[in-house]
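Engineer: dropping a prediction and its sequence here:
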Amino acid sequence: MVFPADYRVKVESVRLQVSNSSEQVQLNENWNSRDNPVNARDLWKSRYPSTFEIPRLQFLLDGDNHEIRNDLRQFLSNSELFQPKYNLSLVEERELALQRLSAICNAPIIDGKSENERRFISVKDFQSNPSRIFATHEIAGLADGSMATKMTVQFNLFGGTVLHLGVPNEIPNYHQLLNAIDSLNILGCFGLTELGYGNNAVEMETTATYIPQQNAFHLLTPNALAQKYWITNAAIHAHFCVVFAQLMIHEKRYGVHAFLVQIRDTVTLAPLDGVRIEDMGVKMGCNGVDNGKLSFDTMIPVSSLLSKYSQVVVESNGNARFESKIQGIRERFLRVTDQLLSGRLCIAAMMLGTSKLALTIAVRYSATRMCVGKDTRSSMSILSFQLQQNAFGPLLARVFASNAALNYCKNAYSKELLKKDGRVHENWQKVVILCCAVKPFVTWNAEECVRICRERCGGQGYLSANRFGSLIGFCHAGLTAEGDNSVLMQKVAKELLTLQSKNIDVLENSQFTRVNASEFRVGKLNWMDESVQGKIMALRQFLFGQKLAKFSAGKGAEEVFEQWMLRNNGIVQKYAMAFAERLGWESLLEMQSQPYASTNNVRLILKVIKDLYFIDCVLRDIAFFVSHGIVKPDEIQGLQARKDELCAKIGTQLPHLVDAFGIPEKLIAAPIAADWVAYNEHDNQGEHVALAYQSKPHKL
């Protein structure tokens with residue numbers, strides 16, 4: 001059998017008649033849309049034109065560094081190297097991830113810019129424009145989660161730690177080292193986590209003992225629990241590692257410090273003497289990342305200590321003493337592991353991109369996949385159905401809230417990091433809360449987003465080439481990378497309660513800091529009123545905090561531990577999530593007020609999204625709102641009906657809203673998001689085949 005080149009039914013006529021009164025588009029079509037998905041999607045957009053200016057909305061979502069974002073999107077789209085490939089061996093997957101990262105790091109120099117601005121990413125961006133690093137992470141993650149993971153370790157955890165803790169005149173060839181990090185000539189890893197010490201890394205067992213006779217440190221892994229574990233880049237590619245170890249001088253422990261340690265020969269890549277490296281093998285996802293285990297029994301020079309805050313001073317008589325600008329073992333630990341904060345923003349940026357990609361693929365497919373209509377034929381796209389719209393609408397609203405919240409957090413982090421007059425403790429405490437809250441908020445939503453989008457694409461969503469499988473693996477890495485989400489939320493709750501006890505709001509410009517529960521317990525509320533929404537979001541956070549404060553009041557450390565960790569951890573988690581969801585709502589409100597949202601149509605679509613996000617937050621925690629008398633039991637059905645209305649309102653705009661994510665066709669790179677009929681005219685073996693979906697005669 002041979003398919004003729006024009007076997008697909010063509011569009012004979014599509015006649016648009018616009019009614020001036022209703023502004024609804026009527027169509028007269030003689031076309032079987034299931035045979036041409038691209039035309040089917042265009043037909044949807046003709047039937048339901050965009051009600052807003054897509055470029056303006058994309059500008060608001062991107063938030064910063066627009067030029068570098070667009071340049072990187074174009075670079076990734078124009079290179080076949082970044083097109084997805086499947087059915088690879090572990091070796092091939094790892095080498096491909098490295099090749100892709102190297103291509104980004106060594107892209108052609110952009111003329112007319114400063115040295116680090118000529119690159120898509122530079123570790124030195126932390127000294128001038130940290131948000132540029134986060135922007136690159138978001139876009140890079142669209143192409144390859146493994147490559148983006150190697151990027152975040154190279155430039156944030158490894159490179160950022162060397163930059164921030166290293167003293168230039170104490171590290172040999174310091175500036176050349178930073179340049180080599182940028183170009184990937186030196187590849188690094190970050191040795192913090194140990195097999196037995198994850199979230200309690202301050203108690204790790206690896207030691208760096210000062211040996212006076214050699215003026216050097218003995219770096220030792222004393223047992224299996226102390227081996228560095230899950231170390232990205234370690235198994236195959238890294239030359240150096242920032243190793244965290246307990247600093248010991250004259251048998252006294254001074255806490256965890258960072259040491260720059262060479263682990264491989266830079267030419268042969270053979271492990272150095274006294275360094276044992278083991279490959280952790282295949283994982284459930286991101287297998288382009290070479291995770292490894294590291295153990296040490298070696299001497300390292302005294303200059304290995306990254307000594308910005310602490311030094312080992314050798315006196316004239318040969319005795320050594322410890323000096324530090326920071327008092328207290330725990331305080332020093334938090335300072336030397338600072339890059340975990342920016343790391344959480346990097347992870348959130350990558351996961352935000354993943355959320356956008358999943359929704360884009362699922363919405364584009366849903367607009368083109370035909371299903372049974374009123375005429376009992378396959379005449380309606382599945383995106384027309386409430387099932388799809390009610391699945392995608394709340395997810396999209398939460399992605400917008402995540403995006404706005406992350407923009408807020410990146411700005412707050414950059415502002416504090418770049419201050420010339422040093423840190424103010426209270427301001428940095430707010431940054432810590434924001435970074436620790438936004439990572440779980442974004443990554444949990446990304447996982448939910450990918451999971452639901454995969455399900456709503458049916459069997460097509462299960463095919464690797466349609467990308468949901470790799471995205472799920474990427475999301476699950478994000479849930480626990482740079483801190484287990486639920487553990488981070490405990491830290492958010494602890495720090496948040498400290499500030500709440502001082503009547504300090506983390507969201508400095510909020511209009512809804514002080515609220516009174518009694519005003520919500522009388523009469524009917526206008527749920528679409530911004531003042532009502534803002535007060536309710538703030539009130540929930542305040543009431544959960546009030547409850548936790550009662551559990552802690554007048555109790556000793558052991559009793560507080562029991563209340564927080566063994567009896568009431570659900571309330572701890574809800575308190576932190578109430579803050580994160582409020583952060584999302586307030587950030588959407590701020591986005592709505594920005595100049596680029598000044599046109600009515602952009603402001604209106606943002607308001608609909610914000611309203612849907614708010615109603616969804618209330619319904620997700622309806623037990624709380626009913627038990628506190630804020631929502632009456634007989635109002636629940638009305639809230640659900642309002643949610644359905646908002647989903648329907650957004651539903652027709654979904655293809656335009658995902659276009660505002662600004663993901664180029666070649667970066668979407670999923671057959672079901674393009675012409676999936678033409679894709680299946682060929683024996684594609686489940687591979688992506690570069691989206692060359694032209695219909696051609698094909699013999700069966």
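Structural biologist: It's in. Fair warning: this is a prediction, and the values are worked out from it, not measured in the lab.
Engineer: relative to Arg41, how far out is His656?
Structural biologist: Distance, His656 to Arg41, by C-beta to C-beta, to the nearest Å: 11 Å. Any C-beta I mention is one placed from the backbone N, CA and C, and that applies to glycine too.
Engineer: so which of those two has more stuff around it?
Structural biologist: Arg41 (23 against 20; other C-beta atoms under 10 Å).
Engineer: and that one, how far is that from Glu590?
Structural biologist: 33 Å.
Engineer: and if you look at Leu192?
Structural biologist: 34 Å.
Engineer: swap in Gln74?
Structural biologist: Gln74 is 29 Å from Glu590, by C-beta to C-beta.
Engineer: show me which of these two is the more surrounded one.
Structural biologist: Legend: neighbour count by other C-beta under 10 Å for Gln74 and Glu590, higher for Glu590 (17 against 13).
Engineer: could you list every residue that touches that one?
Structural biologist: Each residue near Glu590 by C-beta atoms under 8 Å, 6 or more residues apart in numbering is listed here: Ala404, Tyr408, Asn509.
Engineer: among those residues, which are in helices?
Structural biologist: Of the positions in these, Ala404, Tyr408 sit in helices, assigned by DSSP state H.
Engineer: for the contacts of Glu590, which one is nearest Lys85?
Structural biologist: Among these, Ala404 lies closest to Lys85 (C-beta to C-beta), at 34.2 Å.
Engineer: how many residues are close by the closest one?
Structural biologist: 27.
Engineer: is it in contact with Met591, as I believe?
Structural biologist: Yes. Counting by C-beta atoms under 8 Å, Ala404 touches Met591, with 4.7 Å between them.
Engineer: looking at the chain, which residue reaches furthest from the middle?
Structural biologist: No residue in the chain sits farther from the centre than Asn317, which is 52.2 Å out by C-alpha atoms, centre = their mean.
Engineer: show the pLDDT at that one.
Structural biologist: Confidence at Asn317, expressed as pLDDT, is 76.
Engineer: would you say Ala245 is within a strand?
Structural biologist: Yes. Counting by DSSP: H, G, I helix; E, B strand; the rest coil, Ala245 is located in a strand.
Engineer: give the buried residues for whichever helix or strand Ser402 is part of.
Structural biologist: Assigned by DSSP states H and E, Ser402 belongs to helix 386-417. Residues of helix 386-417 classed as buried: 388-410, 412-414, 416-417 (neighbour count, 16 or more other C-beta atoms under 10 Å).
Engineer: can you identify the element that follows the helix or strand hosting Val560 toward the C-terminus?
Structural biologist: Using DSSP H and E, Val560 sits within helix 557-561. Later in the chain than helix 557-561, the nearest helix or strand by DSSP H and E is helix 569-592.
Engineer: that following helix vs helix 386-417, what angle?
Structural biologist: 80 degrees (axes from the mean of the first three to the mean of the last three C-alpha atoms, to 10 degrees).
Engineer: run the chain-centre distance for helix 569-592.
Structural biologist: 17 Å (C-alpha atoms, centre = their mean, to the nearest Å).
Engineer: next: stretch 489-505.
Structural biologist: 23 Å.
Engineer: for that stretch, which outside residues touch it?
Structural biologist: Stretch 489-505 has contacts (C-beta under 8 Å, 6+ apart) with 426, 429-430, 432-433, 436-437, 440, 506, 513, 542, 545, 548-549, 552, 564-565, 569, 572-573, 575-577, 579-580.
Engineer: mind doing that once more with 6 Å?
Structural biologist: Here stretch 489-505 makes contact (C-beta atoms under 6 Å, 6 or more residues apart in numbering) with Ile433, Cys436, Ala437, Pro440, Thr513, Gly545, Leu548, Val572, Gln573, Tyr575, Ala576, Phe579.
Engineer: what's the answer for stretch 64-75, then?
Structural biologist: Contacts of stretch 64-75 (C-beta under 6 Å, 6+ apart): Asp62, Ala107, Phe120, Ser131, Arg132, Ala135, Ile139, Pro664.
Engineer: could you measure Leu272 against Gln246, distance?
Structural biologist: 22 Å.
Engineer: swap that for Leu383, please
Structural biologist: 57 Å.
Engineer: Leu471 now?
Structural biologist: Counting by C-beta to C-beta, the gap from Leu471 to Gln246 is 39 Å.
Engineer: who has more neighbours, these two?
Structural biologist: It is Leu471, of Leu471 and Gln246, that has more neighbours when counted by other C-beta under 10 Å, with 28 against 20.
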